[in-house]
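Student: Build the 3D model from these lines:
(one chain, ligands or ions: 1)
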Amino acid sequence: MPTREDVMHLRSVVRFASMTSTGDCAELASVPENAAIWPLETSTRDNCLGAECPRFAECFVYKARREAQAADIVVVNHHLFMADLAFRDDAIRDFLPTVDTVILDEAHQLPSVAADFFGTSLSLAQLLEAGRDARALGLARAPDGSSWITLTSQFERAVRDLRLALGAVGLIAGSRTSLDRIERRSDLRPAFDAIDEASAELARALEINRGRDAELDLLIGRVAELRRNLAEWTGAVALNRDEDSDAAADESFEGDAPSVRWISLSTYGAQFNQTPLASGQALARAREAQPQSWILTSATLTAAGRFDHYLAEVGLDNATTARWDSPFDFPRQALLYLPQSLPSPYDANFAHSVAEVAWPLIRANGGRAFVLCTTLRAVEKVAARLRQLMAQDDEQLPLLVQGASTRRALIDAFRSAGNAVLIGSISFWEGIDIRGDALSLVVIDKLPFAPPDDPVVEAKIRYLRKIGRNPFNEYQLPEAIMLMKQGAGRLIRDETDRGVLMILDERVLSKPYGKAVLSSLPPFARTRNEGDAIEFLTRRGAR
Ligand code: SF4
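Tutor: Numbering: from 1, shown residues only. Down below sits the predicted model:
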């Protein structure tokens, strides 16, 4: 049921729609990004009527597309570009104009965006939404066409039962689990079968009413696609892990589209994903289908000075590559501080040590620091310990902690405070540009290796091993190095910036691969002495 807030938001949207010239919902600040009203009034590939829509002529989306078609240069984000590339063969053609040249900035993000678009996903929310739409449209446009309430209620009940079944096989809210790691996965089969049965009834009712209403007709294809996706998952859950050998579990690594099936669970929802393990191959195929040049740029496409890892990830084996030195005077502008003694990053109290070792520098610097952690748990622990240290030393600096507000609000607050300490995990390691005095200390807790128990990471490691490659050297380490460079890159943003980068993971010195990590970072001056680092920060002109 809609809340009073939803109604207020809806009124704001209606008012905004009558005044805006672009229809860009980012301009409507009074309705938050996560407002419940957005999904209910958003047109998607599933429900857009296209030229048959009565509001087609005034539609903001199509107006923007027409303008893009007529333009010489179009600027879009990676997701829109990838959607256009991945769905070229789909009904949505001419999403963007055909172009000769594509310039992709921040191209280090391309492999992960490609993995999203060349994979498939099916969520319980999508299924429930299809059921809701079928009920609303059926009752409004073909009330005598079927028992819409009974049909959709059965369907929705079956979908909710699948969520319960996922809990019963041991999955917990917040988890991401590879399908072949679920011991009793065949216990999910009856729940999938029940959805199949209920959705078949719904599909029949829609088919019987075909031709009565354009929007109702659109649901025929949508339900059919959901059923196809469901059928694949029904087949995939058919075998229990113990009936299955590891070799059979690795079957999805065969062929030219190796992938992993995995499930993410939230409190009330679930998403079923199939992620390609070599998205570069799919990307290369899509790119080859279009005669155009790609120019990929980023400060972090190399690991240890080589492009190999990146080129393999994006499926480019004969690209021309080049590197240009930064215009910044790194040895003069920045100091890399590697503290003398630190506990192992595996130590249970490591996060506390991070706060304790970083605090003297944060204090001497009057805040103006980013503390970049590799996990959300570390963010909380470091923040808690820093709060204690501030209270102990009677030094109150604004402490901005990931999760307390949106990413954008935290960054804005950091900029305007001028003496804040921001503590964040991976989403804060890149894409933030804070120049000048507000940021002159970046603390990195650990080397950002992707968690090896993540279903996609784990599958990729197994896949690389299976094809005879070295997953650590060819995947985990280069990925960590590229992310490390992004994190370090928050510090010096222009020719006048100065600051200290502090890395608290002793593995950069104790492990053989540490050399590759350090040599990939900008050539900052180095010290292992806390006094030097504090002196650098407080020296005249540093602030
Ligand atoms: S064409 Fe109609 S349904 Fe599609 S986005 Fe525009 S207004 Fe929405």
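
Student: Please name the nearest non-neighbouring residue to residue 477.
Tutor: The shortest distance from residue 477 to any non-neighbouring residue, by Cβ to Cβ, 6 or more residues apart in numbering, is to residue 513 (5.6 Å). The C-beta positions use only the backbone N, C-alpha and C, and glycine is treated the same way.

Student: can I assume that neighbour is in contact with residue 476?
Tutor: No - the criterion here is Cβ atoms under 8 Å, and residue 513 misses it with residue 476 at 9.6 Å.

Student: quick one: which of these two has more around it?
Tutor: Between residue 513 and residue 476, counted using other Cβ atoms under 10 Å, residue 476 has the larger neighbour count: 20 against 17.

Student: Over to residue 371. Which of the three states is it?
Tutor: When classified by DSSP: H, G, I helix; E, B strand; the rest coil, residue 371 comes out as strand.

Student: contacting residues for it?
Tutor: Contact analysis of residue 371 by Cβ atoms under 8 Å, 6 or more residues apart in numbering lists 354, 358, 362, 382, 386, 421-424, 443, 445.

Student: how about low-confidence regions in the stretch 151-300 of the chain?
Tutor: The model of the stretch 151-300 of the chain has pLDDT under 70 over residues 239-256.

Student: All the helices of it, in order from the start?
Tutor: Counting by DSSP state H, counting those that start in this stretch, the stretch 151-300 of the chain has helices at residues 189-208, 214-236, 246-249, 279-288.

Student: Closest to residue 153 out of the contacts of residue 371?
Tutor: Among these, residue 424 lies closest to residue 153 (Cβ to Cβ), at 43.4 Å.

Student: For the ligand, see how far away the closest one is.
Tutor: Distance of residue 424 to the ligand, given as Cβ to the nearest ligand atom, to the nearest Å: 35 Å.

Student: That residue and residue 405 touch, don't they?
Tutor: No - here residue 424 does not reach residue 405: they are 11.3 Å apart, not a contact under Cβ under 8 Å.

Student: and those two? which has more neighbours close in?
Tutor: Legend: neighbour count by other Cβ under 10 Å for residue 424 and residue 405, higher for residue 424 (23 against 13).

Student: Show the contacting residues for the more buried one.
Tutor: By Cβ under 8 Å, 6+ apart, the contact list for residue 424 reads 370-373, 379, 401-402, 407, 410.

Student: That one pairs with what?
Tutor: Note on residue 424: beta-bridge partners by DSSP bridges are residue 372.

Student: before we move on, back to that, which of the contacts of residue 424 count as buried?
Tutor: Applying 16 or more other Cβ atoms under 10 Å to the contacts of residue 424, the neighbour count classes 370-373, 379, 401-402, 410 as buried.

Student: now residue 192, nearest residue through space, not along the chain?
Tutor: Among residues not flanking residue 192 along the chain, residue 234 sits closest, at 4.2 Å (Cβ to Cβ, 6+ apart).

Student: Next one: that neighbour from residue 458, what distance?
Tutor: Look at residue 234 and residue 458: by Cβ to Cβ, to the nearest Å, they are 24 Å apart.

Student: Report how many residues lie close to the residue in the stretch 201-350 of the chain that the ligand sits nearest to.
Tutor: Taking Cβ to the nearest ligand atom as the measure, the stretch 201-350 of the chain has residue 215 as its residue closest to the ligand, at 8.6 Å. Residues near residue 215, counting by other Cβ under 10 Å, number 15.

Student: Report the separation between it and residue 150.
Tutor: From residue 215 to residue 150 the distance is 21 Å (Cβ to Cβ).

Student: ditto for residue 303
Tutor: For residue 303, the distance to residue 150 equals 58 Å [Cβ to Cβ].

Student: Tell me which of those two has more neighbours.
Tutor: residue 303 (24 against 12).

Student: how many other residues sit next to the nearest residue to that one once chain neighbours are set aside?
Tutor: Nearest residue to residue 303, sequence neighbours excluded (Cβ to Cβ, 6+ apart): residue 478, at 3.8 Å. The tally of other residues near residue 478 (other Cβ under 10 Å) stands at 22.

Student: Now do the contacts for residue 478.
Tutor: Taking Cβ under 8 Å, 6+ apart, we find residue 478 in contact with 303-304, 309-310.

Student: would you say it is within a helix?
Tutor: Yes - counting by three-state DSSP, residue 478 is located in a helix.

Student: Spell out which parts of the chain neighbour the ligand.
Tutor: Residues of the chain lying close to the ligand (Cβ under 6 Å from any ligand atom) are 43, 48-50, 53, 55-56, 59, 61-62.

Student: Tell me the buried residues within those residues.
Tutor: When those are checked for burial by 16+ other Cβ under 10 Å, the buried set is 48, 53, 59, 62.

Student: Just confirm the second one contacts residue 59, I think it does.
Tutor: Yes - under the criterion of Cβ under 8 Å, residue 53 makes contact with residue 59 at 6.5 Å.

Student: Tell me how many other residues surround the closest residue to residue 20 other than its chain neighbours.
Tutor: Spatial nearest neighbour of residue 20, chain neighbours left out: residue 27 (6.3 Å); criterion: Cβ to Cβ, 6+ apart. Residues lying near residue 27 (other Cβ under 10 Å) number 11.

Student: Show me where the protein has its strands.
Tutor: For the chain, applying DSSP state E gives strands covering 101-104, 120-123, 176-178, 259-265, 270-276, 293-296, 334-337, 369-372, 399-401, 421-424, 441-444, 499-503, 525-527.

Student: List the contacts of residue 538.
Tutor: 364-365.

Student: one more time with 6 Å, if that's ok
Tutor: Applying Cβ atoms under 6 Å, 6 or more residues apart in numbering to residue 538 gives the contacts residue 364.

Student: And the helices in the stretch 301-450 of the chain?
Tutor: Using DSSP H, counting those that start in this stretch, the helices of the stretch 301-450 of the chain run over residues 308-313, 330-333, 350-364, 376-392, 407-417.

Student: which one of those helices lies closest to residue 290?
Tutor: Closest among the helices of the stretch 301-450 of the chain, using Cβ to Cβ: helix 308-313, at 18.9 Å.

Student: which residues sit against the closest one?
Tutor: Under the criterion Cβ under 6 Å, 6+ apart, residues 111, 280, 301, 303, 319, 478 lie in contact with helix 308-313.

Student: Over to stretch 381-390?
Tutor: 351-352, 354-355, 359, 371, 396, 401, 423.

Student: re earlier: now tabulate the contacts of helix 308-313 in TSV and tack on distance to residue 104.
Tutor: Listed next are these as TSV, based on distance: Cβ to Cβ, whole Å:
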residue	distance to residue 104
111	12
280	14
301	11
303	19
319	12
478	19
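
Student: and which of those residues is nearest residue 158?
Tutor: Nearest to residue 158 among these: residue 111, at 36.4 Å, using Cβ to Cβ.

Student: re the thing from before, from the contacts of residue 371, which single one is nearest the ligand?
Tutor: Distance to the ligand, by Cβ to the nearest ligand atom, is smallest for residue 424 among those, at 35.0 Å.
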